[in-house]
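Engineer: Please work out how this folds:
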Amino acid sequence: MENLEKIQGLLEKQGIKKNKINLNTTIQSLGFGSEEIDEFFNDFGETFKIDGKEYDYYDYFFEKVHPLHILRDTFNRIFYPSKVKKLPITIEHLIKVAERGKWFKPEVI
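Structural biologist: Numbering: from 1, shown residues only. The predicted model follows:
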C-alpha cells in the first residue's frame with residue numbers, strides 16, 4: 001500500500017484527486033497532456049528508481065503536438081484501428097513496475 005500512496009501523491013501533484021484513483025484507473029483516462037505525462041513519468045522514475053529503458057511513450061499515448069501526427073493518427077484510427085491500439089497503463093501496473101524497479105509492458109487480456 002505504500003507504493004499506492006506514493007503514486008497517488010505523484011498524481012495529486014498533477015491535479016488528480018485521490019478519490020479518482022484506484023488500482024484499475026489508467027493513466028490514459030486521467031486526461032493528461034503530453035507535458036503532464038512526461039512530468040509524471042519523470043517523477044515516477046525518480047521516486048521509485050525505475051530503469052526506464054524499455055518505456056516507449058508511443059506504445060501508450062498518441063502524439064498531440066504536430067498537426068500531421070494528428071491527421072495520421074485520425075486516419076489510422078478510422079481505417080487501421082489495430083495499428084493504433086495503445087497499451088493501457090493502470091495504477092496496478094505502476095505498482096508492479098515500482099516493485100521490480102524496471103519498466104515492463106503491461107499484460108493485455
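Engineer: where does the chain dip in pLDDT?
Structural biologist: The chain contains residues with pLDDT under 70 at 63-66, 83-84, 109.
Engineer: all helices of it, in order?
Structural biologist: 2-13, 34-48, 67-79, 91-100 (DSSP state H).
Engineer: Nearest to Tyr57 among those would be which one?
Structural biologist: Across the helices of the chain, the minimum distance to Tyr57, taken as CB to CB, is reached by helix 34-48, at 7.4 Å. Bear in mind the C-beta positions are built from the backbone N, C-alpha and C, glycine included.
Engineer: Which elements pack onto the closest one?
Structural biologist: Helices and strands in packing contact with helix 34-48 are listed as helix 2-13, helix 91-100; criterion 3 or more CB pairs under 8 Å, 6 or more residues apart in numbering; DSSP states H and E.
Engineer: Counting neighbours, which bits of it end up buried?
Structural biologist: Neighbour-count burial for helix 34-48 flags 36-37, 40-41, 43-45, 48 (criterion: 16 or more other CB atoms under 10 Å).
Engineer: if we can go back for a sec, so which of the helices of the chain is the most packed in?
Structural biologist: Neighbour counts averaged per stretch over the helices of the chain are highest for helix 91-100, at a mean of 18; criterion: mean count of other CB atoms under 10 Å.
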